[in-house]
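Visitor: sequence and predicted structure below; questions after.
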Amino acid sequence: MRRKYTLALLACLGLSTLPALADDSTEALARTCNNCHGVNGVSAGGAMPSLGGQSETYLKHIMMEWKTGERAAASMNRLIKGYSDEQIASLAKYFAAKPWVPIAQKASADVMARGKDVTDKCETCHGATGGQPDDETTPRLNGQSALFLHLELDKYRDEAFLMTHKKMIKSARKMDEKDVGIAAKFYGNQSK
Amino acid sequence: MSQINRRDFIKAIAAASSASVLTIPSAHAGQTKGRVVVVGGGYGGATAAKYLRMMDGGIDVTLIEANSTYTSCPLSNEVISGERDIKTLEVGYSGLKKHGVKVVHDWVTGVDTAKKVVSTKGGQTYAYDALILSPGVEFNYAAVEGYTEELANTSLPHAWKAGAQTLMLKKQLEAMPDGGKFIIAVPPGPFRCPPGPYERAAQVALYCKTHGKAKSKILILDSNDSFSKKALFEQAWKALYDGMIEWVPGASDGKVIKVDAKTKTCFTNFGDHKGDVVNIIPPHHAGKIARDMGLATFKTHWCEVKPESMEAKAQKDIYVIGDSCIGGDLAGNFGFPKSAHMAMTQAKVAAGAIIAKINNLPLPVPFYVNTCYSVVAPDWGFSVVHVYRVENNTWVYVKEASGISPVTMPDKSPVPRLYRKVEAEYADGWLRNVLADAYS
């Protein structure tokens, strides 16, 4: 991060900048993630999640689970096999060091009121707005793509889709079908 | 489904992709460290221009592109079926200008490689230290007797470059009666967007099925004997559009060699097929400028490049990216697919190599990734991915990381529908993100 600030400072002063880490192989590797997850891991939306600012442990864990086949995915489980364990570790570190940028998506007052209720149980681990995870293995949800969150809950609820987190599986399957989208929108709307 | 699903986006009128991408600040240095000219403002060229500026604000980058708006070819088959508004595929160049890219709307007519100067139709010249060519493809209309560029623009659209022809094909489909025949003629490979013709067949079938034209037929006349994601397409065609789509491989006389525009008849070596809508995709090769410069060293059609940098084998300091180049594991039959994602990956490798060279730094380790989604129905998509490493200046196709979505589960049970639904959503999420990564 310090290097970035130095760059920013130089830019502000109108001085010639250093090449932005062109020699850094992790930076070059991360550019392959940018196509779908955005520069600095800030997604431009749709079903693609933001990665920047999620914890290193969470990011590494989920990538390794896909790589070993413990956890199912539609596309990432294939792609991730192209990266070595060391590359996965350095990508997790790289994106974890970026700031978490919540993109607050619109939701009606009704959805927000109902969302507060239906996410009551989620709060224990994710915090009131989804932005205060209780440990390093728990992802941030605040301002994450609501469509992504909805699809993730669908995966947890589908017995045919191999997921690993027992508590999440149990909680997601207890939800009413109609509340799934509401919970996703509730967190997608959070700016903090 | 929630309110914020793909259909809302793809039907939306306002396509302005407002990606909030954080960027590394670029300095406007008093003195330029180097000048890079990028020719062509598709996915490849736009990405190269943006990343050059993001990586090093001291580099002067000029992008030369004829049009002021780019229309994404990926997912344009959904426009033909009416599932997507073409505006969601359109993007301008203001985002690149914010990165300090000088965008010039002109047409490159020549390159003096000795003096390192590009000249344009508009009479301008641009000096370069490094030149990136991302000119896309040039269509070889003469390869199909009776077909011309004029016909493509007026009555027999190929719609293999998204825009006006995409909309023309959509209109022709709308005018087709129930029980009509929609012919798609596929050129010999390699061609742009390998799964495109077969996705198009599915989108046409989707339109027919949902618009009271379920008796219609889609006939794919193919010059080739197999195709990308074949098992996935055939599975989906049967499940969703049973009996509507027929595929004729090259070995069964599928190759179209002649067309009669007046009677809308396609001729193969031994047969003829009359259609209500005829969609000829002509064979193509590297963009004109790249061929004119003698860079198309692969069978005079495609430009060979160096794996570590994307620099043309035939010319120093000229980098060829996107559909014009050829690379990957050709011996193993795992060449680079001609896709937007691949072009962007190549653009990032080229940009990294150029920045390293200008700054006397070691080359970054190149890494090539492709992702390509096909959408056969609003809740049914699938993908193919490719990963290539570079070892000993050669591309190595990473087999265990590559390949298509599952056709069945490992125990041969059917793939849960959620996989297909999720990938249909990913296709749209992919589009939003690649547009942002290349243009914002």
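Guide: Cool, the structure landed.

Visitor: what ranges does chain A have for its helices?
Guide: Using DSSP state H, the helices assigned to chain A run over residues A:2-12, A:25-37, A:56-68, A:76-79, A:85-96, A:109-118, A:123-126, A:146-157, A:166-174, A:177-188.

Visitor: whether the last one contacts chain B - can you check?
Guide: This points to helix A:177-188. Yes - using CB under 8 Å from any CB of the partner chain, we find that helix A:177-188 touches chain B at A:181, A:184-185, A:188. All C-beta atoms are positioned from the backbone trio N, CA, C, and that covers glycine.

Visitor: now the angle between helix A:146-157 and that helix, please.
Guide: Going by axes from the mean of the first three to the mean of the last three CA atoms, to 10 degrees, helix A:177-188 is angled at 140 degrees with respect to helix A:146-157.

Visitor: quick one on the thing from earlier: with distance to B:C208, mean neighbour count and mean pLDDT as extra columns, can I get the helices of chain A in JSON lines?
Guide: JSON lines is the format used below for the helices of chain A (distance: least, CB to CB, whole Å; neighbours: other CB atoms under 10 Å in any protein chain shown; pLDDT from 0 to 100):
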{"stretch": "helix A:2-12", "distance to B:C208": "53", "mean neighbour count": "13", "mean pLDDT": "44"}
{"stretch": "helix A:25-37", "distance to B:C208": "32", "mean neighbour count": "21", "mean pLDDT": "94"}
{"stretch": "helix A:56-68", "distance to B:C208": "38", "mean neighbour count": "19", "mean pLDDT": "98"}
{"stretch": "helix A:76-79", "distance to B:C208": "32", "mean neighbour count": "22", "mean pLDDT": "96"}
{"stretch": "helix A:85-96", "distance to B:C208": "44", "mean neighbour count": "18", "mean pLDDT": "96"}
{"stretch": "helix A:109-118", "distance to B:C208": "37", "mean neighbour count": "14", "mean pLDDT": "97"}
{"stretch": "helix A:123-126", "distance to B:C208": "46", "mean neighbour count": "16", "mean pLDDT": "96"}
{"stretch": "helix A:146-157", "distance to B:C208": "29", "mean neighbour count": "23", "mean pLDDT": "98"}
{"stretch": "helix A:166-174", "distance to B:C208": "38", "mean neighbour count": "13", "mean pLDDT": "97"}
{"stretch": "helix A:177-188", "distance to B:C208": "31", "mean neighbour count": "22", "mean pLDDT": "98"}
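
Visitor: how about those in JSON lines, adding distance to B:A127?
Guide: Shown next, in JSON lines, are these (distance: least, CB to CB, whole Å):
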{"stretch": "helix A:2-12", "distance to B:A127": "25"}
{"stretch": "helix A:25-37", "distance to B:A127": "28"}
{"stretch": "helix A:56-68", "distance to B:A127": "44"}
{"stretch": "helix A:76-79", "distance to B:A127": "40"}
{"stretch": "helix A:85-96", "distance to B:A127": "36"}
{"stretch": "helix A:109-118", "distance to B:A127": "57"}
{"stretch": "helix A:123-126", "distance to B:A127": "55"}
{"stretch": "helix A:146-157", "distance to B:A127": "46"}
{"stretch": "helix A:166-174", "distance to B:A127": "58"}
{"stretch": "helix A:177-188", "distance to B:A127": "49"}
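
Visitor: want to throw the residues of helix A:177-188 next to chain B into JSON lines with distance to B:F191?
Guide: Listed next are the residues of helix A:177-188 next to chain B as JSON lines, based on distance: CB to CB, whole Å:
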{"residue": "A:G181", "distance to B:F191": "40"}
{"residue": "A:A184", "distance to B:F191": "39"}
{"residue": "A:K185", "distance to B:F191": "42"}
{"residue": "A:G188", "distance to B:F191": "39"}
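
Visitor: name the nearest of those relative to A:A107.
Guide: Distance to A:A107 across those (CB to CB) is lowest for A:K185, with 4.3 Å.

Visitor: what residues sit buried inside stretch B:60-76?
Guide: For stretch B:60-76, burial by neighbour count (16 or more other CB atoms under 10 Å in any protein chain shown) applies to B:60-65, B:70-76.

Visitor: go on, stretch B:174-185?
Guide: Of the residues in stretch B:174-185, B:176, B:180-185 count as buried by neighbour count, 16+ other CB under 10 Å.

Visitor: nearest to B:S324 among those residues?
Guide: Nearest to B:S324 among the buried residues of stretch B:174-185, with distances taken as CB to CB, is B:A185, at 22.6 Å.

Visitor: ok but the closest one is inside a strand, no?
Guide: Yes - B:A185: assigned to a strand according to DSSP: H, G, I helix; E, B strand; the rest coil.

Visitor: ok, it to chain A distance?
Guide: To chain A, B:A185 is 31 Å away according to CB to the nearest CB, to the nearest Å.

Visitor: how about that residue, nearest residue that isn't a chain neighbour?
Guide: B:V256 (4.0 Å; CB to CB, 6 or more residues apart in numbering or on different chains).

Visitor: and A:G115, by the same measure?
Guide: When the adjacent residues along the chain are set aside, A:G115 lies closest to A:F186, with 2.6 Å between them (CB to CB, 6+ apart).

Visitor: tell me the contacts of the one you found?
Guide: Shown in contact with A:F186 (CB atoms under 8 Å, 6 or more residues apart in numbering or on different chains): A:107, A:111-112, A:114-116, A:118-119.

Visitor: could I get these as TSV with distance to B:N279?
Guide: Output for the contacts of A:F186, formatted as TSV (distance: CB to CB, whole Å):
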residue	distance to B:N279
A:A107	42
A:V111	44
A:M112	48
A:R114	48
A:G115	47
A:K116	52
A:V118	48
A:T119	49
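
Visitor: going along the chain, name the strands of the stretch 301-440 of chain B.
Guide: For the stretch 301-440 of chain B, the strands defined by DSSP state E, counting those that start in this stretch occupy B:303-304, B:318-320, B:325-326, B:328-329, B:334-335, B:367-377, B:380-391, B:394-397, B:403-404.

Visitor: thinking again about what came up before, of the buried residues of stretch B:174-185, closest to B:P410?
Guide: Of all the buried residues of stretch B:174-185, B:I184 has the smallest distance to B:P410: 33.5 Å, by CB to CB.
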